[in-house]
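>>> task: produce atomic coordinates for the following.
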Amino acid sequence: MNALKKTLLALASVLAAGTALADINVGVTVSATGPAASLGIPEKNTIALMPTSIGGQKVNYIVLDDASDTTKAVGNTRRLITEDKVDIILGSTTTPNSLAMIDAVSEAQVPMISMAASARIVEPMDAKKRWVFKTPQNDIMMSLAIAGHMADAGIKTVGFIGFADAYGEGWFGEFGKAAALKGIQVVASERYARSDASVTAQVLKLVGAKPDAILIAGSGTPAALPATALVERGYTGKVYQTHGVANNDFLRVGGKSVEGTYLPSGPVLVADQLPASHPLKKSALDYVAKYEAAYGKGSVSTFGAHAWDAGLLMSAAVPVALKKAQPGTPAFRAALRDALEAVKELPGAHGIFNMSPGDHLGLDQRARVMVKIEKGAWKLQ
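Numbering: from 1, shown residues only. From the prediction side, this is the model:
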């Protein structure tokens, strides 16, 4: 009996050790190629900077490229869940991809942190979206910043051109509300595809409406196309972009055509220009320093910072979830979801996160600044 008892105790010890050493598997799908690559590449780069151990548990990152394609994003998500048995999903880069992924993560009850902007990813809250969180500022927050800036500049009429997908439509709806609050009339509205090579017809209609300003609701380098066409057609009013263009690739592609453009952005874009009293200066500069140490001076982008903030949220939630369950189990995934929802006063690169059952973004107005493109660089306004 003594020998049997020793054998059983040894087996129990091995099983306990195996449980204690279970890895946390993190599934990532980003748009590292395709039209959204200028957003997805810095996100992918940022994943490599994330911790490989959280709460004493090893963390494995399985990173897939969805090529800016909605179907591929869903396929990646299902593969990560069924084959790689991930505990959490980070991604995707764009709004259409992230919206398409919601069914897959909610069915499997795996928490997801999106790096895309539209509020529709987490609103209105329901049984599916309770599994979904996101890090970029909502469209309405940034729309209010733009409308306020327009009103202060005396703008009364505005033309709108945006992506012909969920990103563009989301922005049209939210900016319309913000503009109405400021007494600004939208006098023309056009759409274009992310992969279009020309927007001449749309721009001719916009210029023909003679608006005081034009808002371009695109993201990444494809958002430079309407700006270039507006310059070619001699438009002299103010031009605004969304926070979807806040990276150096946009400046490179847009060149002189985007000079003088205004846009709202997360504070990380101009971290070194923030006053010392700004609550995000320290956390924003921390990300900038880590990214540029790995990828070179001036390489940082706001999109990588959205991924960084997703990692910070995950890192804050994991130790809490580990107190309730072990990785690789439905109980751990549920505990991780609950812990994400309970995150409070977490300073990130873009904002201070205060999650709640009804708010799976958790950012306030500290997460935005207005920026102008001057001499090919970002200038805090």
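>>> going along the chain, name the strands of the stretch 151-300 of the chain.
Counting by DSSP state E, counting those that start in this stretch, residue ranges of the strands within the stretch 151-300 of the chain are 157-163, 185-192, 213-217, 238-241, 262-265.
>>> turn the ones you listed into TSV, including mean pLDDT.
Below are the strands of the stretch 151-300 of the chain laid out as TSV (pLDDT from 0 to 100):
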stretch	mean pLDDT
strand 157-163	98
strand 185-192	98
strand 213-217	98
strand 238-241	98
strand 262-265	97
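>>> got JSON lines for the ones you listed, with mean neighbour count and distance to residue 309 too?
To be clear about C-beta, it is placed using only N, CA and C from the backbone, and glycine gets the same treatment. Below are the strands of the stretch 151-300 of the chain laid out as JSON lines (neighbours: other Cβ atoms under 10 Å; distance: least, Cβ to Cβ, whole Å):
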{"stretch": "strand 157-163", "mean neighbour count": "25", "distance to residue 309": "23"}
{"stretch": "strand 185-192", "mean neighbour count": "18", "distance to residue 309": "30"}
{"stretch": "strand 213-217", "mean neighbour count": "26", "distance to residue 309": "22"}
{"stretch": "strand 238-241", "mean neighbour count": "23", "distance to residue 309": "21"}
{"stretch": "strand 262-265", "mean neighbour count": "25", "distance to residue 309": "14"}
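>>> please name whichever of the ones you listed is nearest to residue 339.
Closest approach to residue 339 among the strands of the stretch 151-300 of the chain is made by strand 262-265 (29.0 Å; Cβ to Cβ).
>>> show residues contacting that closest one.
Residues from elsewhere that reach strand 262-265 (Cβ atoms under 8 Å, 6 or more residues apart in numbering): 137, 141-142, 145-146, 149, 238-243, 245-246, 302, 368-373, 378, 381.
>>> and what of stretch 278-294?
Under the criterion Cβ under 8 Å, 6+ apart, residues 42, 45-46, 48-49, 267-268, 271-272, 274-275, 298-300, 304-305, 308, 347-352, 366-367 lie in contact with stretch 278-294.
>>> one step back: from the contacts of strand 262-265, which would you call buried?
Buried members of these, scored by 16 or more other Cβ atoms under 10 Å, are 137, 141-142, 145-146, 149, 238-243, 245-246, 302, 368-371, 373, 378.
>>> which ones among those residues lie within helices?
141, 142, 145, 146, 149, 302 (DSSP state H).
>>> give the contact list for residue 30.
With contact set as Cβ under 8 Å, 6+ apart, residue 30 has these partners: 40, 43-44, 47, 63-66, 91-93, 115, 307.
>>> now swap in residue 269 and tell me
246, 302, 369, 371, 378.
>>> and for the nearest residue to residue 65 once chain neighbours are set aside, the neighbour number?
Closest residue in space to residue 65, ignoring its immediate chain neighbours: residue 32 at 4.2 Å, by Cβ to Cβ, 6 or more residues apart in numbering. By other Cβ atoms under 10 Å, 21 other residues sit near residue 32.
>>> please report the distance of residue 32 from residue 91.
11 Å (Cβ to Cβ, to the nearest Å).
>>> overlap in contacts, those two.
Residues within reach of residue 32 and of residue 91 at once, by Cβ under 8 Å, 6+ apart, are residue 43.
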